[in-house]
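**Q** I would like to see how this sequence folds:
(2 chains)
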Amino acid sequence: MDSITEELIQLAKSGDKKSLSIIINVYSEKLYSLSFKFMRNREDAEDVLQETFLKMINKINVFKGDSTLYSWLYRITVNTALEKLRKHHPSHFDVNLDKVDYNQHDEMPSFEIPYLEKKDLKDLDFRNELNVLLKKMNSKLRVIFILRDIEGNSVQDTAKILNLSETNVKVRLMRARMFLKENLTDYFRERIVS
Amino acid sequence: MKHVHTIEEMKLICQQFGEDIDSEICEEVKKSLENCPECRIHFDSIKKVVNIYKSHEQDSDIPNNLSNRIIKSLNLK
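**A** This next block holds a predicted model:
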């Protein structure tokens, strides 16, 4: 990351191909990983990355340097992934997920998800199940879960990145965690009981 | 006697879900639920789910020649 100097950014702004290529070389792997977490498949993750860098080339002139270049690209990646998810799953974006129905949590489970060791987390069937659940989750919830719980952004930053209120971020995060918890509880209950 | 989950209690749990699962505030919520075994199971399960996914999402396979392919597709070579 140290190779991204102010001088290099200025050259990139002037359209210097070598400087733009250096930026792509430095950030492509990290941004691909981020994109993959949202899109859940290689082809779409790479499409998002390519589009992100295309936007960078077209808009780097307006990059003011208020944040780091990486933060700027990070936000472009998230928004590009969201645009693509909206195209793929329009119904996910029509649902209102920002109201909490407390009555739906009246029944508290008595089954606890077991403690897992590292080797359990490498089990292919289990990893597959984790992937299936993330793919099944509403895209709006998945984006919040990834940004907040996996990427470790604060509620405030997640809200800023997505242009949402902090309350909406918290409610959606709760829904995402509940979705995964309920489904993983069923997964373990079936295996432990049978 | 079965513990009754009040709306206020559920609000308290739900609102804290936006916090880091290991944060001080979440630990306080957990302590306040000591008289409710089901709530603790619920809370601990959520914490485990988040940790499972944190481990799961750590490694992603990077496709070969990723940067070169992108640079080429954007006509930067």
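**Q** so, low pLDDT: which residues of the chain?
**A** Chain wasn't specified; assuming chain A. A:1-2, A:98-110, A:193-194 (pLDDT under 70).
**Q** was after chain B, sorry
**A** Looking at chain B by pLDDT under 70, you get B:1-22, B:25-26, B:29-30, B:32.
**Q** the helices in it, which residues?
**A** B:7-16, B:24-32, B:37-56, B:66-73 (DSSP state H).
**Q** nearest to chain B: which residue in chain A?
**A** A:Lys170 (3.0 Å; CB to the nearest CB). Using the backbone N, CA and C atoms, a C-beta is placed for each residue, glycine as well.
**Q** packing partners for whichever strand or helix holds that residue?
**A** Taking DSSP states H and E as the criterion, A:Lys170 maps to helix A:166-193. In terms of contacts (3 or more CB pairs under 8 Å, 6 or more residues apart in numbering or on different chains; DSSP states H and E), helix A:166-193 is packed against helix A:124-136, helix A:139-145, helix A:155-162, helix B:7-16, helix B:37-56.
**Q** between those helices, which gets nearest to A:Pro114?
**A** A:Pro114 sits nearest to helix B:37-56 of all the helices and strands packed on helix A:166-193, at 8.0 Å, using CB to CB.
**Q** hmm, that closest one touching chain A?
**A** Yes. Interface with chain A: helix B:37-56 contributes B:38-39, B:41-42, B:44-46, B:48-50, B:52-56 (CB under 8 Å from any CB of the partner chain).
**Q** gap between A:Leu133 and B:Val49?
**A** 10 Å (CB to CB, to the nearest Å).
**Q** so between the two, which is more surrounded?
**A** The neighbour count for A:Leu133 versus B:Val49, taken as other CB atoms under 10 Å in any protein chain shown, is higher for B:Val49 (25 against 18).
**Q** check contacts around the more buried one.
**A** A:Ile113, A:Arg177, A:Leu180, A:Lys181, A:Leu184 (CB atoms under 8 Å, 6 or more residues apart in numbering or on different chains).
**Q** from these, which would you call buried?
**A** Listed as buried from the contacts of B:Val49 are A:Ile113, A:Arg177, A:Leu180, A:Lys181, A:Leu184; burial here means 16 or more other CB atoms under 10 Å in any protein chain shown.
**Q** check those residues and tell me the two furthest apart.
**A** Maximum distance among those (CB to CB): 11.9 Å, for A:Ile113 and A:Arg177.
**Q** A:Ile76 reaches A:Ile57, doesn't it?
**A** No. Using CB atoms under 8 Å as the test, A:Ile76 is too far from A:Ile57 to be in contact (11.2 Å).
**Q** wait, doesn't A:Met56 sit right on A:Tyr74?
**A** No. Between A:Met56 and A:Tyr74 there is no contact under CB under 8 Å: 11.4 Å.
**Q** okay, the angle between the helix holding A:Lys170 and helix A:155-162?
**A** 100 degrees (axes from the mean of the first three to the mean of the last three CA atoms, to 10 degrees).
**Q** quick one: helix A:166-193 to chain centroid distance?
**A** Centroid separation for helix A:166-193 versus its chain: 17 Å, with CA atoms, centre = their mean, to the nearest Å.
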